[in-house]
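Participant: next comes the sequence, and after it the predicted model I'd like to discuss.
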Amino acid sequence: KTHGCPRNLYCDNGSAYSSHQLAWSAAVLGIRLVHSKPGKPQGRGKIERWNRTVRDQFLVEVIDAGGDSAVQSLAELNRLFTAWCHQQYHRCVHTETGATPAGRYHADGRGAASRPDPAVLRRAFLWREQRRVTAFATVSLHGNRYQVDAALVGRVVDLLFTPFDLTVIEVEYQGRAMGRAAPHTIDRHVH
């Protein structure tokens with residue numbers, strides 16, 4: 001949020017980091033996924049060191065000696081973490097580089113990271129499933145059937161949605177918006 005989208009996302013090979021959903025979200029935002037080499041923990045040393053710094057320097061400020069926290073909400077935790085990061089961590093000189101993290105970040109010319117348009121950001125975090133459109137111009141998703149544009153019959157389309165509201169399904173074909181899928185209802189015909 002503060003610095004925009006990163007150019008690269010370095011992660012291990014766990015299932016959460018190898019998922020099609022993460023690859024989709026990163027691609028929409030223009031972020032390159034970089035996975036560490038399996039069986040080579042040395043490549044993950046920086047992130048492990050960062051995790052230790054957060055535990056040793058930040059968490060001790062928000063968790064008391066009894067292991068309880070006075071933090072009442074996620075918003076408050078985010079506010080406290082951001083304050084610690086900007087006021088403490090980014091201003092301390094790193095022993096190996098001899099510079100502050102903020103100083104190195106801005107010296108590398110990365111200070112002007114792009115911030116995605118809100119519509120692009122929303123699209124990046126929608127769930128995405130691919131389905132082949134039936135001869136009746138329908139697709140199924142999570143046990144439901146939806147009517148789509150008849151021009152898509154036989155084609156594989158992307159369905160973009162939030163799992164919290166399966167009444168709104170956006171349809172894309174080869175990256176182009178093709179409207180919304182309508183929940184399919186079957187009317188009884190009387191002869």
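Facilitator: Right, received. Where do you want to start? Residues are numbered from 1 along each chain as shown.

Participant: my read is that V153 contacts T138, right?
Facilitator: No. With contact defined as C-beta atoms under 8 Å, V153 does not reach T138; the gap is 9.5 Å. Backbone N, C-alpha and C define where each C-beta goes, glycine included.

Participant: in PDB, list the C-alpha atoms belonging to the worst-scoring helix or strand of the chain on mean pLDDT.
Facilitator: Taking mean pLDDT, DSSP states H and E as the measure, the chain has helix 101-107 as its least confident helix or strand, at a mean of 81. Only the C-alpha atoms of helix 101-107 are listed here, as PDB (Å, rounded to 0.1, in the frame of the first residue of the first chain):
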ATOM      1  CA  PRO A 101      16.900   0.100   4.300                       C
ATOM      2  CA  ALA A 102      15.100   3.300   3.300                       C
ATOM      3  CA  GLY A 103      18.300   4.800   2.000                       C
ATOM      4  CA  ARG A 104      19.100   1.700  -0.100                       C
ATOM      5  CA  TYR A 105      15.500   1.500  -1.400                       C
ATOM      6  CA  HIS A 106      15.500   5.100  -2.600                       C
ATOM      7  CA  ALA A 107      19.100   5.000  -3.900                       C
END
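
Participant: in the longest helix along the chain, which residues are buried?
Facilitator: As assigned by DSSP state H, the longest helix anywhere in the chain is helix 74-87. Using 16 or more other C-beta atoms under 10 Å as the burial criterion, the residues of helix 74-87 that qualify are F81, W84, C85.

Participant: closest to R49 among the residues you listed?
Facilitator: Within the buried residues of helix 74-87, the smallest distance to R49 is 15.2 Å, found for C85 (C-beta to C-beta).

Participant: contacting residues for the nearest residue to E61 once chain neighbours are set aside?
Facilitator: Excluding the flanking residues, the one nearest E61 by C-beta to C-beta, 6 or more residues apart in numbering is W84, at 6.8 Å. When contacts are counted by C-beta atoms under 8 Å, 6 or more residues apart in numbering, W84 touches Q57, F58, E61.

Participant: quick one, helices of this protein?
Facilitator: In the chain, the segments counted as helices under DSSP H are 20-29, 45-53, 60-62, 74-87, 101-107, 118-124.

Participant: dump those into a markdown table; add distance to Y146 as well.
Facilitator: Listed next are these as a markdown table, based on distance: least, C-beta to C-beta, whole Å:
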| stretch | distance to Y146 |
| --- | --- |
| helix 20-29 | 20 |
| helix 45-53 | 41 |
| helix 60-62 | 45 |
| helix 74-87 | 34 |
| helix 101-107 | 45 |
| helix 118-124 | 19 |
